[in-house]
Each structure stands twice: as C-alpha cells, then as structure tokens.
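Peer 1: Here's a sequence, model it:
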Amino acid sequence: MAARVGLSTASVSLVLRGVPGPSERTRQRVLKAAADLGYQVDRTASTLASRRSRLLGVMVDIHRPFHAELVEHLHTAAEEVGYDLVLSTQTRTRDEHTATETLLAFRSEALILLGPTAPADTLATLDNKAPVVAVGRRIADAALDVVRTADDDGVGQLVDHLVGLGHREIVYVDGGKGVIATDRRRGYRTAMRRHGLDDHIRILHGDHTEAAGERAARKLLEGDSLPTAVLTYNDPSAIGVLAALARAGVAVPGEVSVAGYDDDALSRLSCFNLTTVSQNAEEQAQHAVTAAVERLDQDRTEPREVVLAPRLVVRGTTAAPA
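Peer 2: As a prediction, this is how the structure comes out:
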C-alpha cells in the first residue's frame, strides 16, 4: 500500500493506527487506498508489534442514559489523540470489579470509570495496575484523577430557581446510597436552609430509575396535599414523577413543578421538556481523556481533580406556584 500512495511505510502505519502527525491530505490518500484495496487494520497484530494497545477502558452503567452521552463524547476525544475505547458494562448482575478486570484483560492502558461506587482505597489499588480516572464522583483525598461537577451546587441552583419562583413546599426524591447521591442530598438540605426553609425539608427514598420516581410520586399522591415542587436525583427519576402525576391528572407545572438532574437526552424531548441541571458531558469527557493521556504519554504522576460548574437548564416543567 505504501508504494501505491507513494509514501513511507511509517507514514502509512501512522494513518492506519489513527496516530496524530500526518496531514489531512496524506490521511485521505491512505484511507482511500485502503478502501480501494479492501484493507482492514489487524488491531491485535498492531498491538503485539508495538507493545501498546492505545486503548482506554471505559466502565459504563447501561441503565444510566447520561453515561451513554459521556461515552459518545469520550470516543470523539480519544480519537482526536490517537486512542480508541474498550467498553465494559456494569449491570444489576455484573459488578464493578468484573467490569474493570475485563478492561484490564483487554489490555486497556488506562481506565475511565463512570460514576464508580467502589471504596476509595479499592480505586487507589486499581490505579496501581493502570491509571484510573473517576468521572462524576467526589473522592476525598483521592490518590487518582477525578473529573466531576459540583453536584451539591447543581441541586442548590435548582432550589434557588424554585424559591425564586415562589415555591416553599419543595420535596426531594433521593438517589439512594453512594457519594454522588450524598452530595446531591446535601445540596438540597443546604439550599433549603439557606432560604430559611428548614421546616419544609422533606426527602423521599429513591434511586436512579424511573420506577423510583413513580413510587415517590404515588406516595405524595396518597398524602393530604401535594407539594408545589418536586426535585429528583436525576432525569429518569423525574420522568417517573411526571408519568405518575400525568396518570393522576395532576398538571405540570400548573399544580406541581418538577425538575431533574443531568440534562440527558430524554430530558430534552418535547414530550418531557424537563427543567434540569447540565453536567456538560462533552467537557467532562474531554477532561477525562486528557487526564488519561497525560498519565500515559506525559509522565504525570500527581493526581488531579477537575471540578466543573454545573449549569441550570430551565424548560417547561417549572413555573410559579398556583
């Protein structure tokens, strides 16, 4: 193929491996020749020859829509620096340990873990095997890289928005166990107290699913009166609340305002048009890949935490109380 395009074997190899360096014109010549010849890269052979896989392993929870958006942006960011991704899923029957061991078995050079729940010392031990970047979770005194948004501030922005509209009876549907849920719960409590609404703090049990939002809404519907606003741990839970209220004939936002968190793809659909908080998936992904590459290619050893500012996104499910 090198002779066909009039380039050195090394230049052709760089293009086929996706490594930065060759010009766009050169890259297009090589790719066209490869397509004409029906050539496909033997990734295994390339890996064995170079002793590097140039693979970033990503652990993802398939039940979380926001993770899907992160993965899309991670792919783009990785390709820009000559890396590719290997995905390993976390499910109800497949835990984090299994997911991360699979990534290591596929020779991932670094691990990008989306919303990990393992103890900090477990993650630090894993970081001794391959550089770890934890995305979306605060890790106190972390000995590894962290990229996240300030979750407590994000929920605080939602409370501020609702109080500004005139709400006082604001209920929060919790996200269950884990650091992320703890931070968001604290953000709700802190903001309510800041507005002098200590006596109005009410937290309902929940998790990250639509079913949890539906259960919480049914509990509210069984009470003597509804709150004027409901905040939830994430967007799927908020969509569950919307579904239950709709079945009960409760108008949103006319009778009850509803807000979620994450600004995932579902929240933007016109049928939901959900007020929420954006975590900026694209920026998180860019920082995560940059952190991994700095550890792998630039010999950075000191851990780094990147904390991004969340952003309130006001849509059609919140309004002044009736």
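Peer 1: does the residue nearest the centre of the chain count as helix, strand or coil?
Peer 2: The centroid of the chain falls nearest to residue 67 when counting by C-alpha atoms, centre = their mean (4.4 Å). Following DSSP: H, G, I helix; E, B strand; the rest coil, residue 67 is assigned to helix.
Peer 1: Next SSE downstream of the lowest-mean-pLDDT helix or strand in the chain?
Peer 2: Here the helix or strand of the chain ranked lowest by mean pLDDT, DSSP states H and E is helix 43-50, holding a mean of 49. Beyond helix 43-50 on the C-terminal side, the first helix or strand identified by DSSP states H and E is strand 55-61.
Peer 1: Quick one: end-to-end length of stretch 248-268, please.
Peer 2: 23 Å (C-alpha to C-alpha, to the nearest Å).
Peer 1: So which bits of it are buried?
Peer 2: 250, 252-253, 256-264, 266-267 (16 or more other C-beta atoms under 10 Å). (C-beta placed from N, C-alpha, C; glycine too.)
Peer 1: Can I get those in JSON lines including pLDDT?
Peer 2: Putting the buried residues of stretch 248-268 into JSON lines (pLDDT from 0 to 100) gives the following:
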{"residue": "250", "pLDDT": "98"}
{"residue": "252", "pLDDT": "98"}
{"residue": "253", "pLDDT": "98"}
{"residue": "256", "pLDDT": "98"}
{"residue": "257", "pLDDT": "98"}
{"residue": "258", "pLDDT": "98"}
{"residue": "259", "pLDDT": "98"}
{"residue": "260", "pLDDT": "98"}
{"residue": "261", "pLDDT": "97"}
{"residue": "262", "pLDDT": "95"}
{"residue": "263", "pLDDT": "95"}
{"residue": "264", "pLDDT": "92"}
{"residue": "266", "pLDDT": "92"}
{"residue": "267", "pLDDT": "95"}
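Peer 1: which among those gets closest to residue 37?
Peer 2: Within the buried residues of stretch 248-268, the smallest distance to residue 37 is 41.8 Å, found for residue 264 (C-beta to C-beta).
Peer 1: residue boundaries of the helices in the chain?
Peer 2: Using DSSP state H, the helices of the chain run over residues 2-5, 9-16, 24-37, 43-50, 65-80, 96-105, 120-127, 151-165, 179-194, 210-221, 235-247, 281-297.
Peer 1: from those helices, which stretch is densest packed?
Peer 2: helix 235-247 (a mean of 24; mean count of other C-beta atoms under 10 Å).
Peer 1: Residue 310 is in contact with residue 149, isn't it?
Peer 2: Yes. Taking contacts as C-beta atoms under 8 Å, residue 310 lies within contact range of residue 149: 4.6 Å.
Peer 1: which residues do the two both contact?
Peer 2: Both residue 310 and residue 149 are contacted by 279, 280, under the criterion C-beta atoms under 8 Å, 6 or more residues apart in numbering.
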